[in-house]
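Colleague: I'd like to go over a predicted model; first the sequence, then the structure.
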Amino acid sequence: MSAVPRATQAERERLLADFTRLCEIESPSGHERLVADAVSADLREMGLQVDEDDTGRLTGSDAGNLFARVPGAGESSMLLCAHLDTVPLGGPVEVVRDDGVLRNRHEAVLGADNKAAVATVLGAARRLAREGGPTGVELLFTTVEEDGLRGAKAFDRSRLRSDMGFVFDHASPVGELIVAAPTYQRVEARFRGLAAHAGIRPEGGRSAIAAAARFVSGLELGRLDDETTTNAGRIRGGSAANVVPEHCVVELEARSIDHERAGQVVAGMVDAATAAASDLDCDLETTVEELFRGYRLRRTAPPVEAATLALESLGIEARPVATGGGSDANALIAAGLPTVNVANGTERSHQPDESVTVDALETMLDVTLAIVEEAGR
């Protein structure tokens, strides 16, 4: 196996500069316009043609997904994917380097999820556009990943020529390969009772909050088994302390790597809500939305094999793992493209103390270049 040239010092410096610049461009889900413009400019600077689709009308974003191709040897092609959006940051971002660790100077989310991957993919694309590669590489930068993978799900899969895909969106040590991820279903239960004065005629009312409380208190929440979790994350209702509440809404979720199990759990939630509403003579409306479909990959799946060989070529042990979170890999696999999610070495995503080491960021550039090499063999 021939060694893939690792990133040069100049490439590593550019990677850190890109990461810093991108993190300091705010891009919460639905508001990716500024970072999409910055990434588009970078790709055009490489001599690539950039296409932005019109999926904003479907996702609610002010930007579309960005798509570009880097020519390579032969007819084959593979996909590198990262998402442009972040969770709400909670404050400004000023990236600082402290003893080899990149953090936000302020008490706010850094945005390394997924700006670390965006910077890494740009770094690999810049090398490939300049020097060529063993295979064609398609680049996809998606929007609204943090809200149900909406950008990736809206992307037109028929545009891809790739045989396999690679997503870099898991906050865990470099070397982990996400070979199983859950189906995620979201449930909204809307209870409707009857308002009444709580002090003068409470018996004339029917409490929607009491029905909701009975519903939630009877659920099994948290980890149900090794592959399945549930949560009741939000309850809102009522109008005033002296009014029997007419309305109450409960928002819940269920996740399971076993797709059928996720459906069974949600069906149980709906049945429990129906029973609670009936017991307290309230009306009920429920909405169930599948945000993404789960998957399992064999270790022999082409992207898993390519990523494994790439990691091993760099002296990094490949470690297949399962996760309870989703990524654009879920959407791409559901659309028919074998895809693996490669851990990117970031830490504590979505938290004010989110960080990534310089070493992890630089290693991921080497890993990405090695993956392209292996995918092109």
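Modeller: Thanks, I have the structure now. As the structure is a prediction and not an experimental result, all values here were calculated from the model.
Colleague: Now do the domain split for the protein, please.
Modeller: Here the domain assignment for the chain is 9-181+294-376, 183-292, based on the TED database.
Colleague: State the distance from Arg33 to Ile25.
Modeller: Distance from Arg33 to Ile25, counting by Cβ to Cβ, to the nearest Å: 10 Å. Every C-beta, even on glycine, is put in place using the N, C-alpha and C of the backbone.
Colleague: Same question for Gly263.
Modeller: Counting by Cβ to Cβ, the gap between Gly263 and Ile25 amounts to 39 Å.
Colleague: out of those two, which sits in the more crowded spot?
Modeller: Summary of the neighbour comparison: Gly263 and Ile25, criterion other Cβ atoms under 10 Å, with Ile25 having more neighbours (19 against 16).
Colleague: my guess is that one contacts Val35, does it?
Modeller: Yes. Taking contacts as Cβ atoms under 8 Å, Ile25 lies within contact range of Val35: 4.6 Å.
Colleague: Can you tell me which of the domains of the chain is most buried?
Modeller: Across these, averaging neighbours per residue (mean count of other Cβ atoms under 10 Å) puts domain 9-181+294-376 on top, at a mean of 20.
Colleague: Would you map the helices across the protein?
Modeller: For the chain, the helices defined by DSSP state H cover 9-23, 33-45, 56-59, 112-131, 150-154, 208-217, 259-279, 302-313, 328-334, 358-375.
Colleague: Could you name the helices and strands sitting against the last one?
Modeller: The elements that helix 358-375 packs onto, with contact taken as 3 or more Cβ pairs under 8 Å, 6 or more residues apart in numbering; DSSP states H and E, are helix 9-23, strand 77-83, strand 101-104, helix 112-131, strand 165-167, helix 302-313.
Colleague: now swap in the third one and tell me
Modeller: Identification of packing neighbours for helix 56-59 by 3+ Cβ pairs under 8 Å, 6+ apart yields helix 150-154.
Colleague: cool, and the second one?
Modeller: On a contact count with 3+ Cβ pairs under 8 Å, 6+ apart, helix 33-45 meets helix 9-23, strand 50-52, strand 66-70, helix 112-131, strand 136-142.
Colleague: elements contacting the first one?
Modeller: Spelled out, that is helix 9-23. Identification of packing neighbours for helix 9-23 by 3+ Cβ pairs under 8 Å, 6+ apart yields helix 33-45, strand 95-98, strand 101-104, helix 112-131, helix 358-375.
Colleague: can you do 6 Å?
Modeller: helix 112-131 (3 or more Cβ pairs under 6 Å, 6 or more residues apart in numbering; DSSP states H and E).
Colleague: ditto for the last one
Modeller: Judged by 3+ Cβ pairs under 6 Å, 6+ apart, the packing partners of strand 136-142 are strand 66-70, strand 77-83.
Colleague: Need the domains of the chain in a markdown table (columns: mean pLDDT).
Modeller: Conversion of those to a markdown table gives the following (pLDDT from 0 to 100):
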| stretch | mean pLDDT |
| --- | --- |
| domain 9-181+294-376 | 96 |
| domain 183-292 | 98 |
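Colleague: any idea what sits nearest the most centrally placed residue in the chain, other than its immediate chain neighbours?
Modeller: Geometric centre of the chain, nearest residue: Ser327, 3.7 Å, by Cα atoms, centre = their mean. Leaving aside its sequence neighbours, Ser327 sits nearest to Asp169 (Cβ to Cβ, 6 or more residues apart in numbering; 4.3 Å).
Colleague: Pipe the helices and strands packed on helix 33-45 into JSON lines and attach distance to Thr346 per row.
Modeller: JSON lines is the format used below for the helices and strands packed on helix 33-45 (distance: least, Cβ to Cβ, whole Å):
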{"stretch": "helix 9-23", "distance to Thr346": "11"}
{"stretch": "strand 50-52", "distance to Thr346": "26"}
{"stretch": "strand 66-70", "distance to Thr346": "21"}
{"stretch": "helix 112-131", "distance to Thr346": "4"}
{"stretch": "strand 136-142", "distance to Thr346": "17"}
